[in-house]
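Asks: how would this look folded up:
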Amino acid sequence: MMKIVNFRRVSWVWLVAVAIITFLLTNVITRSRKDQNILNSIAIIEDKALVTYSIHYDKTQMLLDIFDAQMDVAPVRVRHYREIALEVSRRADELAFFMQELKAELVITTDGANAAALTPIGWKTGRGQAAEIMQTYDVNLYLVRGKHDKMNSIRLMIYNMQGEILKQKIDEFREFIQPYIWQNTYEEEILKLLLSTDTNVTRDFDHHTWDIHNFAQLPLATVITNLTMLQSFVRTAEAEVVQHLLYRLRARDTRVNMFEAVVLTRSDVVKLGDTFDARVILATYDGVQRPEITHGKYRRTDNGGYEIVGESVYVPYDNFGRAMISHRATSVGVFRIEGSLRLATPNGFYNLPFSTEYEVIP
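Replies: Numbers count the residues shown, from 1 in each chain. Presented below is the predicted three-dimensional model:
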C-alpha cells in the first residue's frame with residue numbers, strides 16, 4: 001500500500017527545524033561576538049597598563065641619571081644611596097623580564113612559535129657596566145588568536161607551578177624594598193597593596209591562593225593582562241623607592257660634608273693708626289646640594305621667614321662649588337651687599353638672609 005506523504009506537515013516541521021537551528025546559530029554567533037568584544041576590551045586595559053609601565057620606567061631612569069650626576073660631585077655620600085637604587089632597579093628589571101617570558105611562552109604554546117603577536121626584542125637589565133641585554137618577545141594582545149584559551153594558562157601557571165614561582169619572586173622584591181620606603185604612610189600601604197600576594201576570598205567566601213585567583217580558569221587574554229598589570233605595579237614600586245632614596249639623600253636633613261676656613265672682616269680698608277680686626281670661622285656646607293643664591297634686597301615675612309623684594313640677580317657657582325659675588329668699584333663710598341640663600345629641607349624650602357658691606361676709597 002502506497003504511503004502518502006503530507007508535504008504540508010513536512011514543510012512545517014522543516015521550517016521549525018530551520019528556525020531552531022537559525023536561533024541557536026544566531027545565539028552562538030552573538031555570544032561569540034560579545035565574548036570577542038569583552039576580550040578586545042581586556043586588550044584595551046592591557047594597553048593602559050603598558051602606558052603606566054612606560055611612564056614609571058622612564059621616571060626611574062631619570063632619577064638614576066640624577067644619582068649618576070651627583071656621584072661626580074660627592075661620591076662618598078652618594079655611593080651608598082646610589083648602590084641601593086641600582087639594586088632596586090636591577091631586581092625590578094629581572095622580575096619584569098620573568099613575567100615577559102611567561103607572556104611570550106603562553107602565546108607560543110597557544111599560537112605557535114611563529115605567532116603574529118610576537119616581536120623579538122632585547123630586554124635590558126641592570127645599568128652601566130653591569131647592564132645585560134636578554135632576548136625575549138614583545139606581545140601584541142590584539143594579534144593573539146587563542147585569546148579564549150584557558151588550558152595553556154592552567155598548564156603553565158598552575159600545573160608547572162610558574163604562578164607559585166612568580167609569587168615567591170614578588171614576595172622577595174617586596175621584602176627587599178620594604179626598608180627603603182616611608183614607614184606607616186599612605187605610600188607604604190599602596191605599595192603593599194600593589195605587590196600583595198595574599199590569599200583571596202571570593203564573594204562565596206571561598207579561599208583561593210594568589211596564583212589560582214590570577215591565572216586559573218581565565219581566558220589567555222585575561223592572564224596576559226594580569227601579568228602586564230603586575231609588571232606595571234613592579235615599575236611603580238621601583239620608581240617610588242628610587243625617588244624616596246634620592247629624597248633621603250638630598251633633603252632628609254641638612255648634613256654637611258665639606259669644610260673650609262673663612263676669614264671675615266668688616267672692611268678691607270684700614271686707616272693709619274686704626275686696628276685691623278678679622279674673624280676666622282669654620283664654614284661647613286653640603287657638597288651635594290647647591291642652594292639657590294639670590295643677590296638683592298630682602299625683607300622679613302609675616303611667618304618669620306625672608307623673601308627677596310624688587311630686582312635680584314642669581315649668583316653663579318664656580319668650578320669649586322663656591323658662589324662668588326663680584327662688584328667693580330666705580331665710585332667711592334660704603335656699599336652694602338645682601339641677598340638670600342634658598343635651602344631645601346624636609347619641610348620645604350628655607351630662605352637664609354645674608355648681608356655685608358665694603359668700602360671704596362680714592
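Asks: Near Glu189, how many residues? Count them for me, please.
Replies: 10 (other Cβ atoms under 10 Å). Bear in mind the C-beta positions are built from the backbone N, C-alpha and C, glycine included.
Asks: Could you measure from it over to Ser196?
Replies: 10 Å (Cβ to Cβ, to the nearest Å).
Asks: in the helix or strand where Leu246 lies, what's buried?
Replies: Using DSSP states H and E, Leu246 sits within helix 220-251. Using 16 or more other Cβ atoms under 10 Å as the test for burial, helix 220-251 gives 220-246, 249, 251.
Asks: what stretches of the protein score poorly on pLDDT?
Replies: Applying pLDDT under 70 to the chain flags the ranges 1-40, 73, 183-184, 186, 200-207, 250-289, 304, 320-321, 344-350.
Asks: Tell me where it has strands.
Replies: 118-125, 132-139, 200-201, 207-208, 258-265, 278-285, 292-300, 306-314, 333-345, 348-360 (DSSP state E).
Asks: In a markdown table: these, plus mean neighbour count and distance to Glu87.
Replies: A markdown table is the format used below for those (neighbours: other Cβ atoms under 10 Å; distance: least, Cβ to Cβ, whole Å):
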| stretch | mean neighbour count | distance to Glu87 |
| --- | --- | --- |
| strand 118-125 | 14 | 12 |
| strand 132-139 | 15 | 14 |
| strand 200-201 | 12 | 31 |
| strand 207-208 | 12 | 33 |
| strand 258-265 | 11 | 28 |
| strand 278-285 | 10 | 30 |
| strand 292-300 | 16 | 32 |
| strand 306-314 | 12 | 37 |
| strand 333-345 | 15 | 26 |
| strand 348-360 | 13 | 30 |
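Asks: Export the ones you listed as CSV, with columns for distance to Leu106.
Replies: As requested, the strands of the chain are arranged in CSV below (distance: least, Cβ to Cβ, whole Å):
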stretch, distance to Leu106
strand 118-125, 11
strand 132-139, 8
strand 200-201, 21
strand 207-208, 20
strand 258-265, 55
strand 278-285, 56
strand 292-300, 52
strand 306-314, 56
strand 333-345, 47
strand 348-360, 49
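Asks: Can you say which of these is nearest to Glu172?
Replies: Nearest to Glu172, of all the strands of the chain, is strand 118-125, at 15.7 Å by Cβ to Cβ.
Asks: Could you figure out how far the closest one is turned away from strand 132-139?
Replies: Put simply, strand 118-125 runs at 150 degrees to strand 132-139, going by axes from the mean of the first three to the mean of the last three Cα atoms, to 10 degrees.
Asks: can you give me how far strand 118-125 is from the chain middle?
Replies: How far strand 118-125 lies from its chain's middle: 20 Å, per Cα atoms, centre = their mean, to the nearest Å.
Asks: Now do that strand: which elements does it pack against?
Replies: helix 75-111, strand 132-139 (3 or more Cβ pairs under 8 Å, 6 or more residues apart in numbering; DSSP states H and E).
Asks: deepest of those, which one?
Replies: Of the helices and strands packed on strand 118-125, the one with the most neighbours on average (mean count of other Cβ atoms under 10 Å) is helix 75-111, at a mean of 19.
Asks: what is the orientation angle of that helix with helix 220-251?
Replies: Using the same axes, to 10 degrees: helix 75-111 against helix 220-251 is 180 degrees.
Asks: Can you tell me which helices and strands helix 75-111 packs against?
Replies: Where contact means 3+ Cβ pairs under 8 Å, 6+ apart, helix 75-111 is packed against helix 7-73, strand 118-125, strand 132-139, helix 151-153, helix 162-177, helix 220-251.
Asks: who wins for proximity to Phe335 among the ones you listed?
Replies: Between those, helix 7-73 lies closest to Phe335; by Cβ to Cβ that is 33.2 Å.
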